[in-house]
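1. Sharing a sequence plus its predicted fold:
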Amino acid sequence: MRRAVIAVVLALAACCSGASPKPSPSASGPFRLPAGVQQLKLDGTPIGIAVSGATAWVALAGFNRVVPVGLGAQLRLGAPHPAGKTPLRVVVASDGVWATSFGNGRLVRVSPSRRVIKAGDEPEGIVTTTDDALWVVDQSNGRVLRFAPGTRKLTGTADVGVEPRLLAANGTGVVVSSFGDGTITAVDAHLQARTSKPLCTGAQGVAVKDDAVVVACTGSNEVVFADLARLHVTGRIALHEPDALAYTADGTLLVGEQRGPSVVAVHDGKVGCRVTVGVQPDVSDANVGLAPLPDGGAVLTSPDVDGFYRVSATALGTC
């Protein structure tokens with residue numbers, strides 16, 4: 001199933017590597033970016049994104065590259081770095097910037113120097129934990145891989161749900177979302193795993209804060225909250241194709257929606273501002289990427305329109 005999605009992503013990159021499609025005009029005229037939003041066109045199907053300081057690192061799945069974007073007063077595109085075949089996600093660790101190469105089963109360090117490690121068959125989600133270990137979702141094998149700090153040697157694996165996608169750090173462990181069966185799996189540093197009952201349809205983005213875990217469910221159009229101790233549902237919020245999740249420093253939950261795409265701010269389980277940066281309808285699993293900024297804003301990627309967006313904290317707090 002995921003191979004079909006990747007085929008769509010690559011098809012988008014092939015057809016749209018020139019000028020990006022213009023948004024459809026609305027009844028009130030052409031779409032205009034909201035105040036507090038900056039856009040940078042990124043050819044090559046941008047998906048995964050990670051922020052370090054004043055730089056966002058973005059995976060271009062269609063061009064097999066990871067590119068840095070400077071987050072100064074003006075967005076500036078840096079030199080691209082080779083990242084294997086179909087890089088999907090990016091993380092910044094103590095030893096550099098790593099990307100998952102979905103197309104050839106590799107973990108690729110793109111900066112400051114290149115390094116390549118075997119990482120299952122179809123790696124996607126990647127995070128670093130508080131002990132500086134790297135954790136990678138091996139999607140086709142239904143497991144998560146842990147790579148040791150320093151050496152980056154594989155220390156072991158843990159089985160998770162069906163068709164896992166993404167993961168979030170939880171101290172020295174992780175929580176993994178599984179798209180195929182709608183479950184989440186908590187895995188500790190010793191690779192002991194606990195998997196929930198199905199929570200929703202199409203579990204995708206996942207985030208952890210304190211003693212709670214949040215999962216974005218694209219199939220059932222909701223964000224689901226669960227407690228970490230028992231992995232039981234504690235609440236649900238209806239949204240429009242929620243996909244990516246991230247917490248800001250002040251504890252605001254940000255949700256990247258595929259439709260639009262949009263960024264939604266959620267405070268204490270209640271929907272706040274929605275900032276829509278485009279007019280795309282349903283995008284058929286063309287995942288968005290999302291990362292928080294230190295000032296409370298966010299950066300968002302949309303492979304459907306080859307777009308990179310910076311959304312200010314003011315825009316997310318004023319509606």
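-> Structure's in. What do you need?
2. doesn't residue 319 make contact with residue 36?
-> No. The criterion here is CB atoms under 8 Å, and residue 36 misses it with residue 319 at 10.7 Å. Using the backbone N, CA and C atoms, a C-beta is placed for each residue, glycine as well.
3. who has more neighbours, the two?
-> Counted by other CB atoms under 10 Å, residue 36 and residue 319 do not tie: residue 36 has more neighbours, with 16 against 10.
4. do you know how far that one is from residue 66?
-> From residue 36 across to residue 66, the span is 27 Å (CB to CB, to the nearest Å).
5. can you pull the buried residues of the lengthiest strand in the chain?
-> Longest strand of the chain, by residue count under DSSP state E: strand 270-280. For strand 270-280, the neighbour count (16 or more other CB atoms under 10 Å) marks 273-280 as buried.
6. And for stretch 217-226?
-> Residues of stretch 217-226 classed as buried: 217-218, 220-226 (neighbour count, 16+ other CB under 10 Å).
7. can you put the residues you listed in a markdown table and add secondary structure, pLDDT and distance to residue 186?
-> Listed next are these as a markdown table, based on DSSP: H, G, I helix; E, B strand; the rest coil; pLDDT from 0 to 100; distance: CB to CB, whole Å:
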| residue | secondary structure | pLDDT | distance to residue 186 |
| --- | --- | --- | --- |
| 217 | strand | 97 | 18 |
| 218 | coil | 94 | 21 |
| 220 | coil | 96 | 21 |
| 221 | coil | 96 | 25 |
| 222 | strand | 97 | 20 |
| 223 | strand | 98 | 18 |
| 224 | strand | 98 | 15 |
| 225 | strand | 98 | 15 |
| 226 | strand | 98 | 10 |
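8. Tabulate these (JSON lines), appending distance to residue 191.
-> Below are the buried residues of stretch 217-226 laid out as JSON lines (distance: CB to CB, whole Å):
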{"residue": "217", "distance to residue 191": "26"}
{"residue": "218", "distance to residue 191": "28"}
{"residue": "220", "distance to residue 191": "30"}
{"residue": "221", "distance to residue 191": "33"}
{"residue": "222", "distance to residue 191": "30"}
{"residue": "223", "distance to residue 191": "28"}
{"residue": "224", "distance to residue 191": "25"}
{"residue": "225", "distance to residue 191": "26"}
{"residue": "226", "distance to residue 191": "21"}
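9. Residue 204: which of those residues is nearest?
-> Nearest to residue 204 out of these is residue 218 (CB to CB; 5.2 Å).
10. Apart from its neighbours in sequence, what residue is nearest the closest one?
-> residue 202 (4.3 Å; CB to CB, 6 or more residues apart in numbering).
11. so that neighbour makes contact with residue 179?
-> Yes. Assessed by CB under 8 Å, residue 202 is found in contact with residue 179 at 5.6 Å.
12. which residues do these two both contact?
-> By CB atoms under 8 Å, 6 or more residues apart in numbering, residue 202 and residue 179 have no common neighbours.
13. re earlier: any idea how far the residue nearest to residue 218 lies from residue 72?
-> Taking CB to CB, one finds residue 202 at 37 Å from residue 72.
14. Which of these two has more residues huddled nearby?
-> residue 202 (23 against 9).
15. I'd like to know how far the more buried one sits from residue 145.
-> Distance from residue 202 to residue 145, by CB to CB: 23 Å.
16. next one: residue 244
-> 22 Å.
17. Give me the phi and psi for the closest residue to residue 312 other than its chain neighbours.
-> What sits nearest to residue 312 in space, not counting adjacent residues and going by CB to CB, 6+ apart, is residue 36, at 3.8 Å. The phi and psi values for residue 36, taken as degrees, to the nearest 10, are phi 90, psi 10.
18. cool, and the one 10 residues further on?
-> Backbone dihedrals for residue 46, given as degrees, to the nearest 10, come out at phi -70, psi 140.
19. what's the burial count for residue 113?
-> Residues within reach of residue 113, counting by other CB under 10 Å, total 8.
20. so it, which of the three states?
-> coil (DSSP: H, G, I helix; E, B strand; the rest coil).
21. out of everything not next to it in sequence, what's closest to it?
-> Nearest non-adjacent residue to residue 113, counting by CB to CB, 6+ apart: residue 96, 7.2 Å away.
22. roughly how far apart are the one you found and residue 153?
-> From residue 96 across to residue 153, the span is 16 Å (CB to CB).
23. between the two, who's got more neighbours?
-> Between residue 96 and residue 153, residue 96 has the larger neighbour count (other CB under 10 Å), namely 15 against 10.
24. Save the buried residues of strand 270-280 as a markdown table, and put in pLDDT and distance to residue 106 too.
-> Formatted as a markdown table, the buried residues of strand 270-280 follow (pLDDT from 0 to 100; distance: CB to CB, whole Å):
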| residue | pLDDT | distance to residue 106 |
| --- | --- | --- |
| 273 | 94 | 39 |
| 274 | 95 | 37 |
| 275 | 96 | 35 |
| 276 | 94 | 36 |
| 277 | 92 | 32 |
| 278 | 84 | 32 |
| 279 | 75 | 36 |
| 280 | 66 | 31 |
